[in-house]
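Undergrad: after the sequence you'll find the predicted model.
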Amino acid sequence: MDELYDRNFDAVKVKNEIIEWIREFFDKNGKGCKAVVAISGGKDSSVVAALCVEALGRDRVYGVLLPNGEQADIDASRKLVAHLGIDNTVINIKEGFDGIMDELRAKLPCEIQQQTVTNLPARLRMATTYAVAQSMNGRVANTCNLSEDWVGYATRYGDGAGDFSPLSQLTVQEVRAIGVELGLPHDLVFKVPIDGLTPMTDEEHLGFTYDVLDRYIRTGICEDPETKEKIDGKRRANIFKLSMMPAYDHKGPIKA
């Protein structure tokens, strides 16, 4: 088990609180609706799906597997939905992705940036998940955690979207601890985090480990000044992703 830097963190207590919170959300915002979860096969979607099953029952949780062509680790996603016994479907986004990319290349008066190619699948996956949810009377689960959100490691309007977010205040280590308490398979809870958009791991992309990041978040300690500045820089550059969209304040009368 990774070290938990919040010494007061009680995985059992927090797990139970999240389960109750999910129930309350659905009572207020979708009584009788399903929780629709995009299943990547990683720890976050696995833990969110398992929490929803505990909160709502497996008959009210629906998994959506979203490969972009061939997905090398899709067996992990299949293992998760089989373990939880939830209904699911596989919707391949490759034709949609290829079609949009062809249009962009043909119509834009500029070179397509690599970030566009990297982030488009995440946005298509979320659009598809919402399409499933709207057709099935569902609410979309956000699967981001605090560590990823802290440094902006999520695609805005992609995996950063959703209707409810069970894990956004929990670090990677804390999510794993809850996964263990939920009895999820070890290889899913401790699967090396990858975004599925590039061949690199999350930590290779970030330039530091989640262990270092989680410790800094929970204790304020980061011995290496270069790493601290890298984390702080990513936080400053990406904080807008967690904020409401800025809106012009007209100050006109609203009497409704």
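TA: It's in.
Undergrad: contacts for the longest helix along the chain?
TA: Scanning the chain for the longest helix, with DSSP state H as the assignment, gives helix 114-135. Residues outside helix 114-135 that contact it (Cβ atoms under 8 Å, 6 or more residues apart in numbering) are 34, 36, 38, 62, 64, 66, 68, 89, 91, 93, 96-97, 100-101, 104, 138-140, 155, 157-159, 161-163, 195-198. Where you see a C-beta, it was placed from the backbone N, CA and C, and this is true even at glycine.
Undergrad: can you check stretch 55-63 too?
TA: Stretch 55-63 is contacted from outside by 18-20, 22-23, 26, 33-39, 49, 52-53, 77, 80-81, 84-89, 132, 136, 138, using Cβ under 8 Å, 6+ apart.
Undergrad: repeat that for stretch 174-182.
TA: Residues contacting stretch 174-182 (Cβ under 8 Å, 6+ apart): 1-2, 4, 6, 9, 11-12, 14-15, 18, 43-44, 46-47, 50-51, 54, 145-146, 167, 170, 188-190, 214.
Undergrad: switch the cut-off to 6 Å
TA: Here stretch 174-182 makes contact (Cβ atoms under 6 Å, 6 or more residues apart in numbering) with 9, 11-12, 15, 43, 47, 50, 145, 167, 189.
Undergrad: repeat for stretch 208-228
TA: With contact meaning Cβ under 6 Å, 6+ apart, stretch 208-228 is reached by 5-6, 147, 150, 171-173, 203, 231.
Undergrad: at 7 Å what do you get?
TA: For stretch 208-228, contacts defined as Cβ atoms under 7 Å, 6 or more residues apart in numbering pick out 2, 5-6, 146-147, 150-151, 171-173, 203, 230-231.
Undergrad: stretch 78-97 now?
TA: Residues contacting stretch 78-97 (Cβ under 7 Å, 6+ apart): 39, 41, 46, 49-50, 53, 58, 61-69, 120-121, 124-125, 128, 184-185, 188.
Undergrad: narrow those residues to those that are buried.
TA: For those, a burial check counting by 16 or more other Cβ atoms under 10 Å picks out 39, 41, 46, 49-50, 53, 58, 61-68, 120-121, 124-125, 128, 184, 188.
Undergrad: which residue ranges of the stretch 1-150 of the chain form strands?
TA: 34-38, 61-65, 87-90, 138-140 (DSSP state E, counting those that start in this stretch).
Undergrad: ok, which stretches of this protein are helices?
TA: 11-29, 43-56, 74-84, 94-107, 114-135, 146-150, 172-181, 186-189, 202-206, 210-219, 225-238.
Undergrad: by mean pLDDT, show me the worst of these.
TA: If the helices of the chain are sorted by mean pLDDT, helix 202-206 sits at the bottom with a mean of 87.
Undergrad: got the buried residues for it?
TA: Buried residues in helix 202-206, counted by 16+ other Cβ under 10 Å: 202-203, 206.
Undergrad: want to throw the residues you listed into a markdown table with distance to G252?
TA: Converted to a markdown table, the buried residues of helix 202-206 look like this (distance: Cβ to Cβ, whole Å):
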| residue | distance to G252 |
| --- | --- |
| D202 | 45 |
| E203 | 49 |
| L206 | 44 |
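Undergrad: which one of those sits closest to A237?
TA: Comparing the buried residues of helix 202-206 against A237 with Cβ to Cβ picks out L206 as the nearest, at 12.7 Å.
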